[in-house]
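# based on what follows, work out the 3D shape:
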Amino acid sequence: MDIKQLETFIAIAKYESFSKAAESLYLTQPTVSNHIANLEKELDTSLVNRSNRKISLTPSGKILYDYAKSMINLKKDAALELSKFQGKMIGHIEIASSTIPEQYLLPEILYGFHQRYKEITYNLIHFDSKEVVEGILKGEIDFGFVGAKSFHKQLEYLELVEDEILLVTPNVEPFSSWPEEVPLREVLDHTYIFREEGSGTRKLVEDALGKQDLGIQALKTVAFMENTEAIKQSVRRGLGLSFLSKYAVADEIRYGLLKSFRIKEVRLLRHFYFVFHKNRTASPLDREFQQYIKAHFHLS
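Numbering: from 1, shown residues only. Sure, this is the predicted structure:
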């Protein structure tokens with residue numbers, strides 16, 4: 001069995017498409033088809049169902065898949081150990097993350113890992129928490145950073161840090177005279193800017209309001225925005241108030257550009273998590289990155 005054939009087979013299993021597998025491997029589609037045909041001829045079995053619009057593995061293909069991953073990872077292990085021996089590590093990491101970890105946790109994480117391994121390159125993909133989980137379950141990504149748990153027996157979450165969602169206002173009257181904690185009734189008559197559906201921040205606020213027998217519709221919403229920076233700039237200019245992570249507004253609060261408050265009746269707390277598939281075999285570089293995450297956040 002040729003390594004290139006096995007890499008092609010794994011790509012087809014991942015993308016469920018000959019054309020997408022070809023694109024990911026920078027090969028032509030006929031070359032991909034030829035790799036699979038030769039592998040099936042060598043093993044004397046059909047590995048891929050081609051009858052449906054969506055490509056799937058045959059029972060034989062499913063058996064080969066785990067062995068193929070192991071063989072490819074063994075090759076990568078050897079390359080990794082040799083690169084370590086030579087004082088370098090070469091590779092590429094794809095990371096999927098929801099907004100707040102992406103903007104306020106990952107820059108420091110990537111900087112630290114880069115100081116250790118200068119030759120590694122990165123691709124940071126922006127997903128909301130739900131999309132990160134879906135991507136891992138489908139095998140499209142290896143791991144991610146999220147602000148909400150979606151319980152699934154195939155997923156493992158490592159708790160990284162605690163976050164708090166704060167009520168954020170312009171630093172003008174009447175807000176500049178508010179106490180650090182304000183009653184819920186005090187905030188109901190103002191206009192709000194909310195994150196998009198699927199956002200972990202928005203879900204936390206919705207759940208908290210629900211426990212007070214209120215829905216998000218109880219707050220007068222002027223806009224829904226996907227971009228945290230756009231929300232902060234809009235709040236500064238008086239478009240409305242918002243609920244944002246303490247990490248997102250730390251600098252603005254420090255320099256007096258915005259004000260932040262807690263609501264007496266609720267505590268908007270959550271954690272950020274590093275999530276990956278429990279049963280999927282990680283590549284050597286992925287394992288190295290996972291170990292770095294554990295060390296960075298002092299996890300056992």
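
# need the longest strand for this protein.
Among the elements of the chain assigned as strand by DSSP state E, the one spanning the most residues is strand 155-170.

# by contact count, what packs against that one?
helix 129-138, helix 200-211, helix 228-236, strand 241-245, helix 246-254, strand 258-263, strand 269-277, helix 284-296 (3 or more CB pairs under 8 Å, 6 or more residues apart in numbering; DSSP states H and E). From N, CA and C alone the C-beta is placed, and that goes for glycine too.

# now do it: distance to the chain's middle.
On the basis of CA atoms, centre = their mean, to the nearest Å, strand 155-170 sits 14 Å off its chain's mean C-alpha point.

# which residue is nearest the middle of the chain?
Taking CA atoms, centre = their mean, the centroid of the chain lies closest to S97, which sits 2.5 Å from it.

# in this structure, where is pLDDT below threshold?
Counting by pLDDT under 70, the ranges of the chain that qualify are 52-53, 80, 83-88.

# show me how the record splits it into domains.
The chain breaks down by automatic domain parsing into domains covering 3-84, 87-158+274-296, 161-271.

# one step back: tell me what the helix or strand following the longest strand of the chain is packed against?
Counting by DSSP states H and E, the next helix or strand C-terminal to strand 155-170 is strand 181-182. In this structure, strand 181-182 makes packing contacts with strand 258-263, judged by 3+ CB pairs under 8 Å, 6+ apart.

# could you export the strand it packs on as CSV, CA atoms only?
Output in CSV follows, covering the C-alpha atoms of strand 258-263 (Å, rounded to 0.1, in the frame of the first residue of the first chain):
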residue,chain,number,x,y,z
LEU,A,258,-17.1,51.9,28.2
LYS,A,259,-18.7,51.0,31.5
SER,A,260,-19.6,47.5,32.6
PHE,A,261,-22.1,46.3,35.2
ARG,A,262,-23.5,43.1,36.8
ILE,A,263,-27.2,42.6,37.2
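
# sheet partners, orientation included, of that strand?
strand 155-170 (antiparallel), strand 181-182 (parallel) (DSSP bridges).

# tally of neighbours for I293?
Around I293 there are 18 other residues, counting by other CB atoms under 10 Å.

# hmm, E159 and it touching each other?
No. Shown here, I293 and E159 do not form a contact pair, counting by CB atoms under 8 Å, at 11.4 Å.

# so who does the residue nearest to the centre of the chain touch?
Shown here is S97, whose contacts under the criterion CB atoms under 8 Å, 6 or more residues apart in numbering are L106, L124, I125, H126, F127, V132, G144, F145, V146.

# beta partners for the third one?
In this case it means I125. When bridges are assigned using DSSP bridges, the partners listed for I125 are A96.

# so in the protein, which helix runs the longest?
Across the chain, the helix with the greatest residue count (assigned by DSSP state H) is helix 59-85.

# measure the nearest residue to I253 once chain neighbours are set aside to L167 for me?
Of all residues beyond its chain neighbours, the one nearest I253 is S260 (5.3 Å), with distances taken as CB to CB, 6 or more residues apart in numbering. Summarising the geometry, the distance separating S260 from L167, computed by CB to CB, to the nearest Å, is 7 Å.

# look at the two and report which has more neighbours.
When S260 and L167 are compared on other CB under 10 Å, the one with more neighbours turns out to be L167, at 24 against 20.

# that one reaches V182, doesn't it?
Yes. L167 lies in contact with V182 (CB under 8 Å); the separation is 7.3 Å.

# before we move on, back to that, next, the contact list for the residue nearest to the residue nearest to the centre of the chain when sequence neighbours are not counted, please.
For S97, the nearest residue in space outside its immediate sequence neighbours is F145; the separation is 4.1 Å by CB to CB, 6+ apart. By CB under 8 Å, 6+ apart, F145 lies in contact with 95-98, 101-102, 105-106, 132, 160, 272-275.

# most neighbours, which of the residues you listed?
Neighbour counts for the contacts of F145 were taken using other CB under 10 Å; the highest belongs to V132, with 28 neighbours.

# for that residue, give its distance to D251.
Shown here: V132 relative to D251, a distance of 26 Å by CB to CB.

# cool, L110 as well?
Separation of L110 from D251 (CB to CB) stands at 19 Å.

# thanks a lot, catch you later.
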